[in-house]
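In: With the input below, show me the fold.
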Amino acid sequence: MSEFCTEQFNKRRTILHCDLNSFFASVEVKHRPELQGKAVAVCGSKEDRHGIVLAKTNEAKRFGVKTGEAIWQAKRKCPDLITVEPHYRWYDEYSVAAREIYYRYTDQVESFGIDECWLDVTGSRLLFGDGVEIADKLREDMKRELELTISVGVSFNKIFAKLGSDMKKPDATTVISYDNFREKVWPLTVDEMMGIGPATKRKLAKHGIYTLGHLARLDIELCKHMLGKVGADLWLSVNGMGSDRVSDFFYSYPVKSIGRGNTFPHDLVTNEEARIRLYFLAEDVAYRLRAEGLCATKVQICIKNEELICRDIQAPLPYPTQSWAEIAEKAYEIFINNYTWKKNVRALTVRAIDLVPDDMPYQTDFFCDQHNRERIMTRELSVDKIRARYGNSAIETAAVFYYRQNAHEPGDRFDSLPKFGIRS
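Out: Model (predicted):
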């Protein structure tokens, strides 16, 4: 699409980004009216070491309580903070109800998490008015029917619409138009735009780029040189030329990776403990690969140590696979080759990446024991069938069974477990 065509296309669009304000906390207060007007934070389980703030009310926000910080940090800022456990079933119900309201105005509704959605209302303007009118109607519908508030960004593309919904909260409509986006967007720091995380922010800072205006005024080729293809995409977005579309109800994104991670009740201190956890995680990853009809060509693990520092490491597989034994073996190989145990391990993630269809042909070699690979795959598919018929707990590997039985015991060593591997 030429720059001129993109510009004309963008000018005609009306995109909304709707963000349910303090969603988890608002739902909790709605179910417990005695919490109304108090500093409340929805927090994860301390026992499972997920003791962080997931959401907070505006009263807690005024004390500086932030999403993602530890409970003890939040209580230091706000001694009277009331902490409540999350009720995810409630949140799912309200999220579905909110989307049903959105669908009254357009079928082009794209979820961005449980509490955020983009709406393309370009084709709805003759029925319901312009973007601002639709945004205000949505806010009123939400308050009247669900007793929740939303902030709505109105713009001509998805990224600016999201920026708009973040600019004013709660219960507000903010417009970023094609005519005023330079004045509203360019003074913002680079990390306020979706797609720019801490690593990209540091790269840009090394070149003296701190605001979105700095980024917008660069040459696009320099952005490509600094950040690769994503640099060009960011440059187009910040200059109002991104052509990203809101997906309609029936669209499903292609799966690019499949992963599973866990934060453990107790820090891991040995390779054997890590091995069993990796096997446990690999089982779920492999099952989901088979459900999607995909194979992994690479395995990536993420190791979070006791100081909450994360490290991602990946390695290719010899052949495409959807076997949990092969994924687990590669994950453990990556772990023992790269982790030196200077710190204990708090959490692990196993991710299948560079996915290909499971019916794609691949070249084996003289050293490939294809018969053994097929035997293991038959075994794992048989386990899938048993679980589908009798439930997930009907059959388990010894490693996973032991993990489930002992995961909450302090000092569990897993010394008596058999080794896993594709030749087990």
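
In: need the helices for the stretch 251-400 of the chain, in chain order.
Out: Along the stretch 251-400 of the chain, the stretches classed as helices by DSSP state H, counting those that start in this stretch are 271-292, 324-338, 370-390, 398-406.

In: Tell me which of those lies nearest to residue 168.
Out: Closest to residue 168 of the helices of the stretch 251-400 of the chain is helix 271-292 (CB to CB; 38.9 Å). C-betas here are computed from N, CA, C, even on glycine.

In: now for the closest one, which elements pack on it?
Out: Contact analysis of helix 271-292 by 3 or more CB pairs under 8 Å, 6 or more residues apart in numbering; DSSP states H and E lists strand 258-268, strand 294-305, helix 324-338, strand 345-357, helix 370-390, helix 398-406 as its packing neighbours.

In: circling back: format the helices of the stretch 251-400 of the chain as TSV; extra columns: mean pLDDT, distance to residue 20 and mean neighbour count.
Out: Formatted as TSV, those follow (pLDDT from 0 to 100; distance: least, CB to CB, whole Å; neighbours: other CB atoms under 10 Å):
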stretch	mean pLDDT	distance to residue 20	mean neighbour count
helix 271-292	90	28	21
helix 324-338	94	36	21
helix 370-390	82	35	13
helix 398-406	66	35	16
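
In: for the helix or strand containing residue 226, packing partners?
Out: Assigned by DSSP states H and E, residue 226 belongs to helix 220-227. In terms of contacts (3+ CB pairs under 8 Å, 6+ apart), helix 220-227 is packed against helix 198-206, helix 229-238.

In: Can you lay out the helices and strands packed on helix 271-292 as TSV showing distance to residue 315?
Out: Below are the helices and strands packed on helix 271-292 laid out as TSV (distance: least, CB to CB, whole Å):
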stretch	distance to residue 315
strand 258-268	15
strand 294-305	6
helix 324-338	5
strand 345-357	10
helix 370-390	18
helix 398-406	21
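
In: Per the annotation, how does the chain divide into domains?
Out: Listed by automatic domain parsing, the domain ranges of the chain are 1-181, 186-238, 258-406.

In: surely residue 23 meets residue 98?
Out: No - here residue 23 does not reach residue 98: they are 9.0 Å apart, not a contact under CB atoms under 8 Å.

In: Which residues are in contact with each of the two?
Out: Counting by CB atoms under 8 Å, 6 or more residues apart in numbering, the contacts common to residue 23 and residue 98 are residue 148.

In: Can you pick out the residue with more neighbours from those two?
Out: residue 98 (26 against 23; other CB atoms under 10 Å).

In: Is it correct that the more buried one is in contact with residue 117?
Out: Yes - Residue 98 lies in contact with residue 117 (CB under 8 Å); the separation is 7.5 Å.

In: list the residues that contact both of those two?
Out: Common neighbours of residue 98 and residue 117 (CB under 8 Å, 6+ apart) are residue 18.

In: so how far is residue 182 from residue 124?
Out: Distance, residue 124 to residue 182, by CB to CB, to the nearest Å: 27 Å.

In: Who has more neighbours out of the two?
Out: Neighbour count, other CB under 10 Å: between residue 124 and residue 182, residue 124 has more, with 20 against 15.

In: check contacts around that one.
Out: Neighbours of residue 124 in contact, by CB under 8 Å, 6+ apart: 105-106, 134.

In: Go through those and name the one nearest residue 169.
Out: Nearest to residue 169 among those, with distances taken as CB to CB, is residue 134, at 18.8 Å.

In: Could I get the average pLDDT for the helix or strand hosting residue 75?
Out: Counting by DSSP H and E, the element that carries residue 75 is helix 71-77. Average pLDDT, helix 71-77: 91.

In: and residue 187, what are its phi and psi?
Out: Dihedral pair for residue 187: phi -70, psi -10, per degrees, to the nearest 10.

In: For residue 204, which of the helices and strands packed on helix 271-292 is the nearest?
Out: strand 294-305 (24.1 Å).

In: What pLDDT does the model give residue 36?
Out: 91.

In: can you check residue 360 too?
Out: Residue 360 is assigned 85 on the pLDDT scale.

In: since we're on the nearest residue to it once chain neighbours are set aside, how many residues are nearby?
Out: With sequence-adjacent residues excluded and distances taken as CB to CB, 6 or more residues apart in numbering, residue 360 is closest to residue 320, at 6.9 Å. Using other CB under 10 Å, residue 320 has 20 other residues around it.

In: again with residue 351
Out: Residue 351: 21 neighbours (other CB under 10 Å).

In: circling back to that earlier point, is it possible to export the domains of the chain to a markdown table including distance to residue 245?
Out: Formatted as a markdown table, the domains of the chain follow (distance: least, CB to CB, whole Å):
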| stretch | distance to residue 245 |
| --- | --- |
| domain 1-181 | 7 |
| domain 186-238 | 13 |
| domain 258-406 | 23 |
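
In: most neighbours, which of the contacts of residue 124?
Out: Neighbour max across the contacts of residue 124 (other CB under 10 Å) = residue 134, 23 neighbours.
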